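**Q** fold the stuff below for me.
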Amino acid sequence: MTKIVTYLEMTDRDQLRPATPVAGLGLERLDRASPLVIDLQVKIGAPYGWKSATRTPEQWAERLAGNLDRQHWALTFEGTPAGMVAYQPHPGDEVEIETFGLIPEFTGRRLGGYALTLGLERAWTLFPVVKRVWLHTSTQDHPNALPNYRARGLVPFRTEEQD
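**A** The predicted model follows:
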């Protein structure tokens, strides 16, 4: 099955168009050893066929040990883990949002726009200098993903077809 992958970016913090705040929605840093790092990524990705949903414990251990710069943050709603944002720094003062999403129990509740706002705001403050924040999505992700990214001010810079 062919999917279309869209890469989007923000090159200035002023491009962020925040969503209306949602009371009770927050972002909390996770220790890389927290079981939530794996649990949330599996729950977010399973409905969309993400590789994270089918990794073995050995593959997870290798992935988590392989990059100590990656940061994991839990999206929480009224204190309950509701999703995740994972950040990967890149050379040139860039931050990739490697994972963003809500677990199925929290989709369809109008949380995604503000969750992404929180995630983007944090991306711009992770390091003393951030010049670019980017991510990618595909036609196999949640149908609201791309519209949400664009509504928050992310601009497509590349698309590609993948099998």
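**Q** how about the helices of this structure, start to end?
**A** 35-45, 57-66, 112-123, 145-151 (DSSP state H).
**Q** ranking those by mean pLDDT, which is last?
**A** If you rank these by mean pLDDT, helix 57-66 sits at the bottom with a mean of 85.
**Q** from the middle of its chain, how far away would that one be?
**A** 19 Å (Cα atoms, centre = their mean, to the nearest Å).
**Q** so for that helix, what gets flagged as buried?
**A** By neighbour count with 16 or more other Cβ atoms under 10 Å, helix 57-66 contains the buried residues Arg63. (Glycine included, C-beta is placed from N, CA and C.)
**Q** angle of that helix against helix 35-45?
**A** Helix 57-66 and helix 35-45 are oriented at 110 degrees to each other (axes from the mean of the first three to the mean of the last three Cα atoms, to 10 degrees).
**Q** residue numbering should commence at 21 henceforth.
**A** Happy to do that; since the first residue is 21 now, the last one works out to helix 77-86.
**Q** I'd say Pro101 and Ile123 touch.
**A** Yes: using Cβ atoms under 8 Å, Pro101 makes contact with Ile123 at a distance of 7.5 Å.
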